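Visitor: What follows is a predicted protein model with its sequence.
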Amino acid sequence: MSATRPGRSRPDVSVVLISYNDVARLPRAIRSLQGQTLRNIEVIVVDDASTDDTAAVVERMAATDSRIRYERLERNSGGCSAPRNRGIDLAQAPWVMFCDSDDEYERHACKNLLEAAERTGADVVCGTAERVDVRTGRARRWRPDLHDVERVADGLADLPDLLYDTISVNKIYRRDLLASTGVRFPEGLLFEDQLFTLEVMAASPRVAVIPETVYRWYVDRLSDEPSITQRRSEAGNVESRIEINRRIDAFLDANGLDRVRAVKDLKFLEHDLYLYLASMLELDDETATALMERLRPYVAEANLAPAWQVRTALRVAIYHLLVGDLDGIRSAMRFVKWASVVDVPIVERDGTELWGCPHSESGPSAGGVDARTWLDVSDLGLLRIPFTERRYLHRIESFEVRGESVIATGSSFDYDGSLAEVAEIELRLLINGDRTALSVPTGWTGWAGPRRLWRAEGRPSDHLARALRERDRGTVGIALVAGGLTNVTSARSAESEVATGTLPFPGRARWTGPDSVQLIPYDNGAVGWRARRESATRGRLDRLRATWFRLPGSTRLATVWALVLRDWLPALAAGLGHVLPKRRVILLEADGGRGFSGAVASVGRAMAASEPGASLVWVYRTEPSRVPSTAQAVERGSVRHAWIQSRAAVIVTDGGQPLAFRAPARAVVVNAGAEVPVHRIALDDPSVLVSRAAVATVRRRAREWNLLVAPSDAAADVIREAFGYHGTVVPAGLPGMDAALHEVALDGRSALRSALDLPADRAVILHVVAQRPEGVEEPLIDPEQWAGRLGRRAYLVVHGGPPTPTRLRSSVRDLAADADLSAVIAACDLVISDYSPRIGDAVLADRPVILFQPDREMYVNRTRGLYPGMSAVGPVLESPESLLDEVARWLDDPGAWDLPHVQARQAWATRWCGPVDGLATERVLAAVRAAEEAR
Amino acid sequence: MTAPRIVLMANNIDEVGGAQRVVHVVAQHLALRGYPVDLVGVAPKPPSHEYVADPAFRRFTLMSGEWPAPPPDSRLTTRLRPSIRRLIAARAALRAEAIGRLGEVLADGPPGIVVTAQLWAMEHLAEVPHEEWAVIGQYHSSFEAAAAGRDLGRALDLYRDVDRFTLLTAEDADRFRRRGLDNTDWLPNPLAFWPEEPIDPSEQGRTVTYLGRLSSEKGPRFLVEAWGLIADRYPDWRLRMVGSGPDETAVRRQAADLAVGADRVDFVPPVTDAEAELRRAGILALPSLTEGLPLSLAEAMALGLPCVATDCSAGVRLLTRDGLAGRLVPRGDAGELASALDSLMGDEAGRSALGGRAREAMAPYRADLVIDSWEALIARVLR
């Protein structure tokens, strides 16, 4: 942007930019200030007596931009405080901001903060900072909860959570206020920001928060030289931290800010202390003990009441700090840092679950509270977690590669005596935390106290080698098999034990896949693996080929189409159908090649079963390893796909087939994916109607179907209209639910429950969330709130939404986005949903339904819209509190609760879901046969 | 400080349309307040409509010829056809011409502020060096409309670095901000005129009027469908469809096929005097699926006409004050639209009360007030 305009006397904002020997990054920071959309600023570069050519660089930039001033401290201060204080003294503008030489301002930072200050009359305005990983360039908002919406408050006491906003660089300060109160950065201490921001905010009559990002904070997590504030093992670091906290305490007490003090005490435990306790996992014993002894006195005299507000395992770690037990701290922090793995016995005493360390029986009390209370971890529910959801601590002790074979040994911690019943164990290379890429034969070898020992030896199996082409990295895990259920947990290891591990890649797929697999230790003790492709014998051409094949199939095909094929491949495939003999191939596609279950699978399976010799082929988009092993896999959009398609006798889709798809001559194309119409679909969905292209897409797809499976006659009318489809319709029911309904009818609900590892002692509630369009947030149940209030009485299974923290696994389970919901729907006791078509499945299975629709007005009016009459299946609730109340009422007496809803639900089922006989697939089959004969 | 130069850019400044009217009104008012204003259209679109009788600003059109429609598709076989190759070359030449010409316009006076009212205009500005200029980018439709098509991605790219990016409502500004833009702001469009005389409710006609293009995103088919549901109950009412567009034939056919009320649907070509048309109306219906801050709705409300609109954008919510100053119905739902119309058609007192609230709600959109906000925005941008 343009330089300063002449004739301006006083700048609007003074930016104090501090720097010490950072000539490499300083110009970036200065340029970000020169590029501000607020032009009338001054930039005061305060040089903490650098010994590089900082002075020359700044002066060169100042020569072409009169807004830049340069100031040099006489001698190095060793911190940030002195240079910033000097900058405050020199500032001329009524507003002051701070910047560090290794960071950047967002382009609109000064203007957004200044305008907010002027608009709200605040003396301090806080914006959002984003942390930018210097290696990946990825940016994440820092503490987004603090700056989510614009807020104005009269003083810190109104917004005590701003205590967590401890950095000084994301704010603008009224200079008069700094001058009149004399607030300065404390010199000679680290964490100077914390005291400064606290004192300023406490002194400000009015504080404001804006949601805009203002600061780009560059972070190098892997740097050899961590920044001074991150060297937590050093004495000066801890002492600074404690001193700053003492000063903050004194300041708050002196000013009578009791409410803020309470928040601060909590913050110290859950944030400051947490960082030091976590660092003890990586420090050697001596350093860690020293650190522990430095922290103890302050923690012992601190207000410990908030310890019952922090997460349970952290509280356990705090107890061990108070009694000076380093191993105890580490155990508890492993649980916190390593996604809730347990490495102490969990014991049950008088109805409570205790953290089974040496202190649990008769340990000393601390802070006036006895050991048992400190160590009561009942709320984690570790003994109640279903087997497949448990987090065992598996340690790899050694790992060795000999030729093509692997030899590894390790142990698994048996925290509650359950491991004795586990028959099988297997070392696996995992993709996405649960799917297996490779596995090594493994067996139990004995016990060492509560640890059960195992040994893996042999050639990795290559039956899932194709997985390695999709994603070339993952983690190493251990699978435990007991009673038909499998538990998979990532394995942990000390760095040295796996650093050299390189697995030879099994032979068969070496040409298309990688050469070998290398193991990588992660910071958190987990072991990662990465496929290696750089072999010296292969030339550049090979790498190019590998790159080409690593592209998604659709990209590859698009490239080829752009060159030659695009115009005639689909037509050719359809045309070939006339000429080529039909084979008994049944081609299946669901969710655009991402799904392999539901109605399509059900129909496919039944057809293959009724016709020996027919082969089943699934279309996949990126992950062939997820194709069921009984079927072949073909990549969506590949030439082979076109070839198979042209010869297939029956094609079953859920209506989302590729746009270029043309029904091959003489084939029957079945759309088996129609669900009960709850929210508006296709041409009834206003957002589709907005775009001519989307309308054309819907119509074009519908033209290719020969047979549409609809749940009921009423649903068929809606669906026909919505797609502009005029062909044959079978009102068959919901084929995807058949298998689950059969299982419930034959073996009962509890058998299905145990097959899915759902608890038998509690109610199981499924929450299914309908997908929203891009940019619209899904309203979800807060899992913490749920676990706290209903976790002991009900087990929540969630489909859709962000992952639930692992520590809540005793009461909440996440289902993968592509999981087959049908069985869970049939097995659960209650379904909560908003607008998902799965409501139809639930009603068909005669499950009670609660409609949780916090965004109902928005959804109905603007997001998507509902078909009329969709609320008749259960009560509609719009607030999270009322939902929990309703669920509690249901839990009190499910039968009585459901009475008023049964009749309406059954009427709804008859009208929309079709027959409840579990024979939907049979009806589809008959219709397909009839259609085939008619051809 | 002397008033800075303002260059106001739109895709075209000739056509009869909402965006064009807005830029003319803004240009004229700013010019009359002493700003040197240049109004720039990227492409000509004859015949040129005169919005302002006596313009106090300069007008430029960057391209010498009309912007031709793109090739029907991007297949290789299509692109190799000689006629298509000529078309592609002609488009490239026009674009180069526009970019060169824009450079000349910017150089023809001191640097100041460029306002790009539409994305396509910004795409041209982005190709011209303009470091000396401050830029205000605008988007005249809702976030939902942007997200439904390609506009969202374009706006996020083009407007990330401009001095201010203004939307029509606070809600839209917030939703763009949540997608990562930190320069969003909002500024409503001004009314072209403020009728001193509101409609006299006792003399109001008995027609449900539709005023706009007959194209799918404006939803005329839902209105016709809704009419079919209630026409038999109001034999003295008529449905008046004013406008033309790509769906005209389809909508006419749909109206002709109605079981009841088909004989009371009138199709009228677009009119230049919207006010006269609105003064004859009984109710204005806006069945759109997507909108920004719809001017036809604002003008009807300013006249005191009761309106029924779909709840399709933050702009519609803002104008109708969440349904207090105009009836809101879910979009794409003929049944709801019919029952809203039904309740108004059968309640004359209710119509006149709603009309009164509507006129009251429009006072903040009077041009002089909105131009005050413009001046404040200009001052803030130049700081």
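Guide: Yep, it's here. Numbering: from 1, shown residues only, chains lettered A, B, ... in the order given.

Visitor: switch to C-alpha atoms for all contacts and neighbour counts from now on
Guide: Will do.

Visitor: Around chain B, which positions in the stretch 651-800 of chain A sit nearby?
Guide: Residues of the stretch 651-800 of chain A that fall close to chain B, judged by Cα under 8 Å from any Cα of the partner chain: A:684-687, A:689-691, A:774-775.

Visitor: Sort out for me which of those residues are in helices.
Guide: Using DSSP state H, the subset of those located in helices is A:686-687, A:689-690.

Visitor: now the residues of the stretch 651-800 of chain A next to chain B in TSV, with neighbour count and pLDDT?
Guide: Output for those, formatted as TSV (neighbours: other Cα atoms under 10 Å in any protein chain shown; pLDDT from 0 to 100):
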residue	neighbour count	pLDDT
A:684	21	88
A:685	20	87
A:686	27	84
A:687	27	80
A:689	22	82
A:690	22	79
A:691	16	78
A:774	9	71
A:775	13	70
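
Visitor: possible to save the residues you listed as CSV with distance to residue A:928?
Guide: Compiled in CSV, those are given as follows (distance: Cα to Cα, whole Å):
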residue, distance to residue A:928
A:684, 28
A:685, 29
A:686, 33
A:687, 33
A:689, 32
A:690, 35
A:691, 34
A:774, 37
A:775, 40
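
Visitor: what's the closest of the residues you listed to chain B?
Guide: residue A:690 (4.7 Å; Cα to the nearest Cα).

Visitor: Not counting sequence-adjacent ones, nearest residue to that closest one?
Guide: In space, and not counting its chain neighbours, residue A:690 is closest to residue B:217: 4.7 Å by Cα to Cα, 6 or more residues apart in numbering or on different chains.

Visitor: Next, that neighbour: secondary structure please.
Guide: helix (DSSP: H, G, I helix; E, B strand; the rest coil).

Visitor: Surely residue A:57 and residue A:21 touch.
Guide: No. With contact defined as Cα atoms under 8 Å, residue A:57 does not reach residue A:21; the gap is 11.5 Å.

Visitor: got the contact list for residue A:450?
Guide: Neighbouring residues of residue A:450 by Cα atoms under 8 Å, 6 or more residues apart in numbering or on different chains: A:345, A:413-415, A:417.

Visitor: And the furthest pair within those residues?
Guide: Greatest spacing in the contacts of residue A:450, by Cα to Cα: A:413 and A:417 (9.3 Å).

Visitor: Can you name the next helix or strand after the one helix or strand residue A:447 maps to?
Guide: In this structure, residue A:447 sits in strand A:435-448 according to DSSP states H and E. Once the chain leaves strand A:435-448, the next helix or strand it forms, by DSSP H and E, is strand A:451-458.

Visitor: okay, whichever residue of the stretch 151-300 of chain B sits closest to chain A: pLDDT?
Guide: Nearest residue of the stretch 151-300 of chain B to chain A (Cα to the nearest Cα) works out as residue B:217 at 4.7 Å. Confidence at residue B:217, expressed as pLDDT, is 84.

Visitor: Also residue A:235?
Guide: pLDDT recorded at residue A:235 is 77.

Visitor: measure it to residue A:296 for me?
Guide: Separation of residue A:235 from residue A:296 (Cα to Cα, to the nearest Å): 14 Å.

Visitor: Next: residue A:237.
Guide: Taken as Cα to Cα, the span from residue A:237 to residue A:296 is 15 Å.

Visitor: and what of residue B:357?
Guide: 68 Å.

Visitor: neighbour-wise, which of those two wins?
Guide: Taking neighbours as other Cα atoms under 10 Å in any protein chain shown, residue B:357 and residue A:296 compare with residue B:357 leading, 20 against 16.

Visitor: The more buried one should be in a strand, yeah?
Guide: No. Counting by three-state DSSP, residue B:357 is not part of a strand but helix.

Visitor: wait, it sits on residue B:321?
Guide: No. The pair residue B:357 / residue B:321 is not scored as a contact, 9.7 Å apart, by Cα under 8 Å.

Visitor: Residue of the stretch 151-300 of chain A nearest chain B, please.
Guide: For the stretch 151-300 of chain A, Cα to the nearest Cα, closest residue to chain B: residue A:212, 5.3 Å.

Visitor: List phi and psi for that residue.
Guide: The phi/psi pair for residue A:212 (degrees, to the nearest 10) reads phi -70, psi 150.

Visitor: residues in contact with the helix or strand containing residue A:699?
Guide: Using DSSP H and E, the secondary-structure element containing residue A:699 is helix A:692-703. The contact list for helix A:692-703, computed with Cα under 8 Å, 6+ apart, reads A:655-657, A:659, A:682-683, A:688-689, A:723-725.

Visitor: From the residues you listed, which one has the minimum pLDDT?
Guide: residue A:659 (72).

Visitor: so which strand or helix has that one?
Guide: Residue A:659 belongs to no helix or strand, assigned by DSSP H and E.

Visitor: can you tell me how far it sits from residue A:594?
Guide: Taking Cα to Cα, one finds residue A:659 at 16 Å from residue A:594.

Visitor: Name the residue in the two with the higher neighbour count.
Guide: Higher neighbour count among residue A:659 and residue A:594: residue A:594, with 18 against 12, using other Cα under 10 Å.

Visitor: my guess is that one contacts residue A:620, does it?
Guide: Yes. Between residue A:594 and residue A:620 a contact is recorded at 6.1 Å, counting by Cα under 8 Å.

Visitor: the domain parsing of the chain - what is it?
Guide: All of this is about chain A. Using automatic domain parsing, the domains assigned to chain A come out as A:13-223, A:231-380, A:402-532, A:553-734, A:758-913.

Visitor: Chain B, not that one
Guide: B:6-190+B:366-382, B:201-365.

Visitor: Give me the buried stretch members for the longest helix seen in chain B, please.
Guide: For chain B, the helix with the greatest residue count under DSSP H is helix B:82-107. Within helix B:82-107, the residues scored as buried using 16 or more other Cα atoms under 10 Å in any protein chain shown are B:84, B:87-88, B:91, B:94-96, B:98-103, B:105-106.
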